[in-house]
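Q: Got a sequence here, can you model it:
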Amino acid sequence: MIHNIFNSDKKFVVVGLGELLWDILPSGKKLGGAPANFAFHANSLGAIGLIVSSVGSDNLGDEIVTTLRELQLETKFIQRDEKHSTGTVKVNLDIAGIPTYRINTDVAWDNISFTDSIGELSLKCDAICFGSLAQRSVISQQTIQSFLKHASSNCLKIFDVNLRQEFFTREIIKQSIESSDCLKLNKNELPIIAEMLSIVGNENEIIHYLIKEYKLKIVALTKCEKGSLLVTQKESSELVPDTIEIVDTVGAGDAFTAGMTVGILNGLPLIEIHKLANRIASYVCTQSGATPRLGAELISSIK
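A: From the prediction side, this is the model:
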């Protein structure tokens, strides 16, 4: 029974819902998928980070399950698909470590089923993070939307836009924002979303329109070297990161979202939420791949 997983009333149950895959980087393959990256970092920050996804009944799927267990992540909600292969993404890095992606299609995470155990989990969540990419297929989209609808009204729902290639539509974006409490997007995604939803204005005006129109609690905008912005109905916080030596930026946005989510759940002031999110994201940029283990010094400094 899933209640055995929740061994501490003091820990928040945080779910990453969607794609789970291997990022194929120049340095080799690394665990990836935005929801999985998010769950990993939330788990590192003291929450119970759970992944709801699907991998193939193949060697790559076996390796993912083994890797998750080595990272001390629960695998109960990782489905094994006998008809579809484990997802992979070819990641190319430019000279600044900024990635571009080539994502394979019709894979296991395109076929996540809404099972009884997943339905039960949805009722236990304190926070759910999902994106647009896993909604490119009807099956996974229906599962994601059903999961969100089954969740408690007190559950924090975070939509991390994650536009990739041609795998998004206006309908998916609009429905996802309407289903959310929090919206996270980057500087390239903001103008695309604004155009899709016929929103006119500068950066600040677009963000405040989104908050008002969709009754959002918070909007997070990441802007690479120009820093990041957190905005609520009543206040905002803007931070520029310290100069760091970037290895790659794969998964940095997911780490930011995890830090923000854990900060919100713990009731931190907006600036402290922002500092936590920024610090975790900056650390990930100094490492290869999306799921580096947080060093003891970093964890102790956060606590």
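Q: Quick check: residue 32 touching residue 18?
A: No - applying CB atoms under 8 Å as the test, residue 32 and residue 18 come out as separate, 11.6 Å apart. C-beta coordinates here come from the backbone N, C-alpha and C atoms, glycine included.
Q: Neighbour count: these two, which is higher?
A: residue 18 (29 against 26; other CB atoms under 10 Å).
Q: Next, count neighbours for the closest residue to that one other than its chain neighbours.
A: Nearest non-adjacent residue to residue 18, counting by CB to CB, 6 or more residues apart in numbering: residue 134, 3.3 Å away. Neighbourhood size, residue 134 [other CB under 10 Å]: 28.
Q: The stretch 201-303 of the chain: helices as residue ranges?
A: For the stretch 201-303 of the chain, the helices defined by DSSP state H, counting those that start in this stretch occupy 203-214, 252-265, 270-285, 296-302.
Q: repeat for the stretch 1-150 of the chain
A: 34-44, 59-70, 116-122, 138-150.
Q: hang on, the earlier thing: got JSON lines for the helices of the stretch 201-303 of the chain, with distance to residue 49, mean neighbour count and mean pLDDT too?
A: Formatted as JSON lines, these follow (distance: least, CB to CB, whole Å; neighbours: other CB atoms under 10 Å; pLDDT from 0 to 100):
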{"stretch": "helix 203-214", "distance to residue 49": "26", "mean neighbour count": "16", "mean pLDDT": "96"}
{"stretch": "helix 252-265", "distance to residue 49": "8", "mean neighbour count": "27", "mean pLDDT": "93"}
{"stretch": "helix 270-285", "distance to residue 49": "13", "mean neighbour count": "21", "mean pLDDT": "90"}
{"stretch": "helix 296-302", "distance to residue 49": "14", "mean neighbour count": "11", "mean pLDDT": "59"}
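Q: picking up where we left off before, can you lay out the helices of the stretch 1-150 of the chain as TSV showing distance to residue 201 and mean neighbour count?
A: Formatted as TSV, the helices of the stretch 1-150 of the chain follow (distance: least, CB to CB, whole Å; neighbours: other CB atoms under 10 Å):
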stretch	distance to residue 201	mean neighbour count
helix 34-44	27	29
helix 59-70	42	16
helix 116-122	36	16
helix 138-150	28	18
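Q: Format these as JSON lines; extra columns: mean pLDDT and distance to residue 239.
A: Converted to JSON lines, the helices of the stretch 1-150 of the chain look like this (pLDDT from 0 to 100; distance: least, CB to CB, whole Å):
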{"stretch": "helix 34-44", "mean pLDDT": "92", "distance to residue 239": "18"}
{"stretch": "helix 59-70", "mean pLDDT": "96", "distance to residue 239": "31"}
{"stretch": "helix 116-122", "mean pLDDT": "96", "distance to residue 239": "33"}
{"stretch": "helix 138-150", "mean pLDDT": "97", "distance to residue 239": "29"}
